[in-house]
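Peer 1: Just a sequence and a predicted model for now, questions to come.
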Amino acid sequence: NAGVTQTPKFQVLKTGQSMTLQCAQDMNHEYMSWYRQDPGMGLRLIHYSVGAGITDQGEVPNGYNVSRSTTEDFPLRLLSAAPSQTSVYFCASSYGQGASYTFGSGTRLTVV
Amino acid sequence: GQQLNQSPQSMFIQEGEDVSMNCTSSSIFNTWLWYKQEPGEGPVLLIALYKAGELTSNGRLTAQFGITRKDSFLNISASIPSDVGIYFCAGQRYMNYGGSQGNLIFGKGTKLSVKP
């Protein structure tokens, strides 16, 4: 049982480049979400999805896009990377919006 | 936006000591969760609390859902070196809301260091 799988684990981008962070879960969870973690800031919600075809913005959505075409996958797209997006990104899933979340192991992104 | 105040921000303790941390809010919550994050990993659920006054243990860890529903506490007894990490509280205000207020809200974490 893999749980929540995030790829890649590490990535370095140049300013202005675009990329997609992948997140997949095999627990048939309806709810999925993306967080970024910065020192002293805790976990801040970027986007979330309560089911396939449904997405919504979280606390810090600017510069990021998401889509949810299947229950299993919830990719996060950086449209034009900026140094302010240097962070550790976590994907999480749960069977319900307020239920306990299972987190992936994170993607450490550096934008230079 | 809604915030959870988690304290202390960091703790440096000796192995064998007991640890106490808490999370408070000005709003009522329906769910309180406690997570632990080790270096290079994602947070892992330790304890989930769903009722006011609930006291739940997981080994040396004990957490309580405050009676006012505005706070929660996590205690670790007889700390060991592998307790090192960042502990996060999380709360949910509205069950099955479907909108943004149904999401879990996270505290900023308590960083625990244990000296052998």
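Peer 2: Yep, that arrived.
Peer 1: Can you list the low-confidence ranges for the chain?
Peer 2: I'll assume chain A. Across chain A, the ranges flagged by pLDDT under 70 are A:1.
Peer 1: To clarify, I was referring to chain B.
Peer 2: By pLDDT under 70, the weakly predicted segments of chain B are B:1-2, B:95-101.
Peer 1: For it, which residue gets nearest to chain A?
Peer 2: Nearest to chain A in chain B, going by C-beta to the nearest C-beta, is B:Gly42, at a distance of 3.3 Å. Every residue, glycine included, has its C-beta placed from N, CA and C.
Peer 1: Give me the nearest residue to that residue, chain neighbours excluded.
Peer 2: Closest residue to B:Gly42 in three dimensions, ignoring its sequence neighbours and counting by C-beta to C-beta, 6 or more residues apart in numbering or on different chains: A:Phe103, at 3.3 Å.
Peer 1: same question, A:Gln57
Peer 2: Taking C-beta to C-beta, 6+ apart as the measure, A:Gln57 lies nearest to A:His47, with 6.0 Å between them; neighbours along the chain are not counted.
Peer 1: about what we covered before: am I right that the residue of chain B closest to chain A is in contact with A:Tyr101?
Peer 2: No. No contact is recorded between B:Gly42 and A:Tyr101 when judged using C-beta atoms under 8 Å, the distance being 9.4 Å.
Peer 1: Could you tell me which residues touch both of those two?
Peer 2: Each of A:Ala92 lies in contact with both B:Gly42 and A:Tyr101 under the rule C-beta atoms under 8 Å, 6 or more residues apart in numbering or on different chains.
Peer 1: Neighbour count: these two, which is higher?
Peer 2: A direct count of neighbours by other C-beta atoms under 10 Å in any protein chain shown for B:Gly42 and A:Tyr101 places A:Tyr101 higher, at 27 against 23.
Peer 1: Give the full set of residues in contact with that one.
Peer 2: The contact partners of A:Tyr101, taken as C-beta under 8 Å, 6+ apart, are A:33, A:92-94, B:43, B:45, B:90, B:104.
Peer 1: What about the residues you listed, which are in strands?
Peer 2: Among the contacts of A:Tyr101, the members falling in strands (DSSP state E) are A:33, A:92-94, B:45, B:90.
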